[in-house]
Each structure stands twice: as C-alpha cells, then as structure tokens.
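> quick one, fold the following:
(one chain, ligands or ions: 2)
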Amino acid sequence: MLKKSFVFQRLPMFSSHSLKRFSVPISYASPGAQVTTEQPPSRVGFLGIGIMGSPMAHNLLKAGIDLTVWNRTKTKCDPLITLGAKYKASPEEVAASCDITFAMLADPQSAVDVACGKHGAANGLGPGKGYVDVSTVDGDTSKLISGRIKSSGASFLEAPVSGSKKPAEDGQLIFLTAGDRNLYETVGPLLDIMGKSKFYLGDVGQGAAMKLVVNMIMGSMMASFSEGLLLSEKVGLDPNVLVKVVSQGAISAPMYSTKGPSMIQSNYPTAFPLKHQQKDLRLALGLAESVSQPIPIAAAANELYKVAKSQGLSDHDFSAVIEALKSKFQHSENQ
Ligand SMILES: NC(=O)C1=CN([C@@H]2O[C@H](COP(=O)(O)OP(=O)(O)OC[C@H]3O[C@@H](n4cnc5c(N)ncnc54)[C@H](OP(=O)(O)O)[C@@H]3O)[C@@H](O)[C@H]2O)C=CC1
Ligand SMILES: O=CC(=O)O
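Ligands and ions are numbered 1, 2, ... in the order given. Modelled structure (predicted):
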C-alpha cells in the first residue's frame, strides 16, 4: 500500500482528457515525514520494466508523473501504457523525449548496453538532462556509464536500491546514491515517491559499493539461515518453531520471517531472483579483491548460489539457495 498522499495542481493549458498525465504534484506527505513542496521534473523516462522497474514506474505514474517507458520485452510495458504511460521504441528515444531518465536493468552488461549501446540512452541525452541508473552494478561499470552520459553533456547519478519487490510496490525503497549532487537534489521528489529514504554517498562508485556490501551481507545471511533450517529439521526440531525463535531474538530480520515459512514448504516465489543475488556476491567479491579485504563467508555463500544456479534455480527467489544444501547432503550421504 502506498504511504504517500499527493495534491495535484491542474495546469490550465491542458484539456481534462490529458489532466492525469499533466498533473503536477505540488506537495506530498508521508506519515511522520517532512512535507516538501518541491516539484519533480516534468517529463520522466523509465527503462527496464522488470520485477523492480514495473512497480517503481507504476508509483511514478500513480503520483501523476508524465512517464515514458521502454523495455526490451515490450509486452511488460503494456499494463503501464494502459494506465497512461507513453511508450518509445528505444532507450535513445525515451531519453530524447524526457528531462530525467531512470534505468533499472538486470546486470552490468545490460546496464551498459541500454545506456551506451546502439540506440542507447546516451544518444538521446544532452545538456540539461539527467540519467539515473538504479540497477545494481559494480563501481567500474557505473563509472563507465557515467563517463558516456557526461560526454553527452547530461548529468549522471547512480542510485541502486535496497528493498525488494514489496518495498518497491509500497514506495518503501532505500536509495543509495552517488554522483552529480545537483541531479540528486533535482530527482529527490521522484526518489521520495518510490522510496522511504535516500542516502547521498559521494563520488560515482560509492552508491554501487554500498549496495554490494549490503547484498553481500544479505546473501550470506540467507545461506546461513538455510543451513539452520535444514539442521534444525535433521536433529528433530520443527523449523517453523526455529523461525519463531529467530524472529524474537537479536538476529531477527524481516527476511527470515517472510521467507522462512515458504522455504520450509520448498516454495520460492520470486521477489529477488537468485541469479541477481549471485551476481551481487560475484561483484562484492571483486570489490573486496580490489582492496585486499578477505570475505571468506561471502565467498562460501557465492559457491552455494552457483550450485543453485546449476540446478536451474536462477529465476526462482534467492531463498531457493537452500536447495543447494539439500543436494549437498544427498551427495555426502551417497558417498
Ligand atoms: N528484485 C529485487 O528484489 C531487487 C533487485 N535489484 C536489482 O535491480 C535490478 C533489476 O532487478 P529485477 O527487476 O529484479 O530483475 P528482472 O530480471 O525482473 O528485470 C531485469 C530487467 O533488465 C532487462 N534486461 C535484461 N537484460 C537486458 C539486455 N541485454 N538488454 C536490455 N534489457 C535487459 C529486462 O528486460 P526483459 O524484460 O526484456 O527481460 C528487465 O527489464 C538488478 O540489478 C537487481 O540486482 C535491487 C533491489 C531489489
Ligand atoms: O537487492 C535486493 C534487495 O532486497 O535489496
């Protein structure tokens, strides 16, 4: 459920037919949050309408933002188009027709392709425009994209998000931003529509690094939790009781309470695809390598996610990593 309420100002030059599209939020408030009267940029683009991009774009649309969308698989844009979003056939065309363009892509390769490739967003950008990459990538990728965007005269902000499908639907994401400070201020009202908090962390690369550290911890936590669930069952405990015990103590985390019960049922409805968690661990390992920081727990967890991928679980939720441990038990029992 969206926590925000919006007040719209009717612009006299547009007909009632186009009112929704051209309504401009002049103020918005969330319970307990400071009310701001800043106006968001008027024409906003969104590239990448996947598990995260779809609800994020949806929230912008619901807030009355003039939104233009693009996705490699066009059909994923259709529900947003039905709700009033415009559609363009390439990232370049979206960027050319918008003041600010967001990108929410799968991984470093797709983020670079969409920003810098043939008909990529950079070709449609120029002075006065901004590009905000909210995908989870490594710092080097982000710097590469930043360089290409800035060579067009446009501004760049990296802004990966912490929070999964449900926080995205609820406008409760946490933005980890770095790059152009002015662009950060400009898009603040848009980030506030999609999220509950935002951090400005400095130079390009720092937002990516923060996101990778957070997801490195999360990936290891999930692997450790999986071991606990299976061990509890093997020694004759009820893993459902383990979930309850964990939820009341110092290691309580929403992730355990929400995903534990379905993991016990071997059910993994996808919120955060396992392939993306493994990508984040892989990138975190690279980050650690770059500063000679040992991260053996994360390295071990990464191996488990790789096993789960090889079992065909890439598109399941990352909690399906527990299956890799089941097959390991099977393996050692058979030896
Ligand atoms: N799901 C989650 O809980 C969270 C995910 N993230 C991060 O957000 C990003 C997106 O995740 P999510 O929405 O879950 O992932 P999805 O797999 O649902 O979406 C990925 C998006 O990238 C597009 N894409 C993939 N490859 C290419 C390519 N070569 N060229 C153009 N577009 C491409 C997909 O297009 P198409 O539809 O055509 O495949 C789709 O729009 C990832 O970096 C992920 O790590 C961050 C926080 C939470
Ligand atoms: O990247 C995943 C998340 O839940 O955050």
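
> neighbours of the residue nearest to A253 when sequence neighbours are not counted, just the number please.
Leaving aside its sequence neighbours, A253 sits nearest to M221 (Cβ to Cβ, 6 or more residues apart in numbering; 6.8 Å). C-betas here are computed from N, CA, C, even on glycine. Using other Cβ atoms under 10 Å, the number of residues around M221 comes to 16.

> hang on, M221 is in a strand, isn't it?
No: under the criterion used here (DSSP: H, G, I helix; E, B strand; the rest coil), M221 is helix, not part of a strand.

> what about K196, neighbour count?
Under the neighbour criterion other Cβ under 10 Å, K196 is assigned a count of 18.

> can you tell me the closest non-neighbouring residue to it?
Here the residue nearest K196, using Cβ to Cβ, 6+ apart, is Q172, at 4.6 Å.

> next up, the contacts around that neighbour.
Q172 is in contact with 3, 163, 166, 195-196, counting by Cβ atoms under 8 Å, 6 or more residues apart in numbering.

> quick check, pLDDT for it.
We have a pLDDT of 98 for Q172.

> V114 now?
The model's pLDDT for V114 equals 98.

> same question for K259.
Note on K259: pLDDT of 98.

> also G163?
Note on G163: pLDDT of 97.

> in this protein, which spans are strands?
5-9, 24-29, 43-47, 66-70, 86-87, 100-103, 130-133, 155-158, 161-162, 173-179, 195-200 (DSSP state E).

> picking that back up, can you tell me how far the residue nearest to K196 sits from S135?
Q172 is 19 Å from S135, where distance means Cβ to Cβ, to the nearest Å.

> now E93
Distance, E93 to S135, by Cβ to Cβ: 20 Å.

> the two - which one has more neighbours?
More crowded of E93 and S135, by other Cβ under 10 Å: S135, with 31 against 18.

> contacting residues for the more buried one?
48, 103-107, 110-111, 160.

> just to revisit the earlier point, most tightly surrounded among the strands of the chain?
Across the strands of the chain, averaging neighbours per residue (mean count of other Cβ atoms under 10 Å) puts strand 130-133 on top, at a mean of 29.

> do that one and ligand 1 meet at all?
No: legend: contact between strand 130-133 and ligand 1 by Cβ under 6 Å from any ligand atom is lacking; minimum distance shown is 9.6 Å.

> off-centre distance for that strand?
Put simply, strand 130-133 sits 14 Å off its chain's centre (Cα atoms, centre = their mean, to the nearest Å).

> out of the strands of the chain, which gets nearest to D280?
strand 161-162 (11.1 Å; Cβ to Cβ).

> who does that closest one pair up with?
strand 173-179 (antiparallel) (DSSP bridges).

> circling back: nearest to A250 among the contacts of S135?
P160 (27.9 Å).

> from ligand 1, how far out is the closest one?
Using Cβ to the nearest ligand atom, to the nearest Å, we find P160 at a distance of 6 Å from ligand 1.

> could I get the pLDDT score of that residue?
At P160, pLDDT is 99.

> which one is it nearest to, not counting chain neighbours?
Spatial nearest neighbour of P160, excluding adjacent residues (Cβ to Cβ, 6+ apart): K211 at 3.9 Å.

> that neighbour contacts D133, doesn't it?
No: K211 is beyond contact range of D133, at 11.3 Å (criterion: Cβ atoms under 8 Å).

> so what's in contact with those two at the same time?
Common neighbours of K211 and D133 (Cβ under 8 Å, 6+ apart) are P160.

> give me the residue from the stretch 151-300 of the chain nearest ligand 2.
Closest approach between the stretch 151-300 of the chain and ligand 2, counting by Cβ to the nearest ligand atom: S164, at 3.7 Å.

> which stretches of the stretch 151-300 of the chain form helices?
Remark: helices assigned in the stretch 151-300 of the chain by DSSP state H, counting those that start in this stretch are 165-169, 181-194, 206-234, 239-248, 254-264, 274-290, 296-310.
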